[in-house]
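# Okay, structure incoming, though there's no sequence with it:
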């Protein structure tokens, strides 16, 4: 039996959950999240909890059962409280600035790098060059943070670039000096 798939998903106060036409919708104070359902996996909403059942006991059914339950739990949690990821910009002259619907980065290139902010995502930058990506959809928040990190990956020698706040970088030793 899938231990994760069997667990009920509690619905927090102020969050509405609805299942319609193969789509699970969770709406709360942080936004609205939609998740498509797998065919053959009935989802029941009753008494403030969401339960997912599986059609059979085969290996693929068991793994999809746990996956669907985790995706629905993330949708409910995102609508209620949201998700966020933090990145640090490290380097002399490296900075970022939010301008309307895009972010302008100065990352040591000969030109500024523009990144368009997707719908449903909020990006904040504080004075210490810490970028906070937040939103209701966990997958979208992670994807945007990965794309921003990919604009200038951390250098293994000096550590310059964009890295996750809690990321530990493996530093390499530079070339040895002369005799």
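Noted; the coordinates are in hand. Note that the structure is predicted; figures quoted are calculated from it, not measured.

# domains in the protein, as residue ranges please.
As recorded under automatic domain parsing, the domains making up the chain are 3-80, 83-164.

# Measure how far the shortest one is from the centre of its chain, please.
Read it as domain 3-80. 18 Å (CA atoms, centre = their mean, to the nearest Å).

# Kindly report the same for the last one.
For domain 83-164, the gap between its own C-alpha mean and the chain's C-alpha mean amounts to 14 Å (CA atoms, centre = their mean).

# and the end-to-end length of that domain?
End-to-end distance of domain 83-164: 15 Å, with CA to CA, to the nearest Å as the criterion.

# tell me which element residue 74 falls in.
Here residue 74 sits within helix 59-80, counting by DSSP states H and E.

# Who are the packing partners of that helix?
helix 3-6, strand 9-10, strand 23-28, strand 31-36, strand 49-52, helix 138-150 (3 or more CB pairs under 8 Å, 6 or more residues apart in numbering; DSSP states H and E). C-beta coordinates here come from the backbone N, C-alpha and C atoms, glycine included.

# between these, which gets nearest to residue 73?
Proximity to residue 73 (CB to CB) singles out strand 9-10 among the helices and strands packed on helix 59-80, at 4.9 Å.

# quick one: the strand ranked longest in the chain to helix 59-80, angle?
The single longest strand within the chain, with elements called by DSSP state E, is strand 83-90. Here strand 83-90 runs at an angle of 80 degrees relative to helix 59-80 (axes from the mean of the first three to the mean of the last three CA atoms, to 10 degrees).
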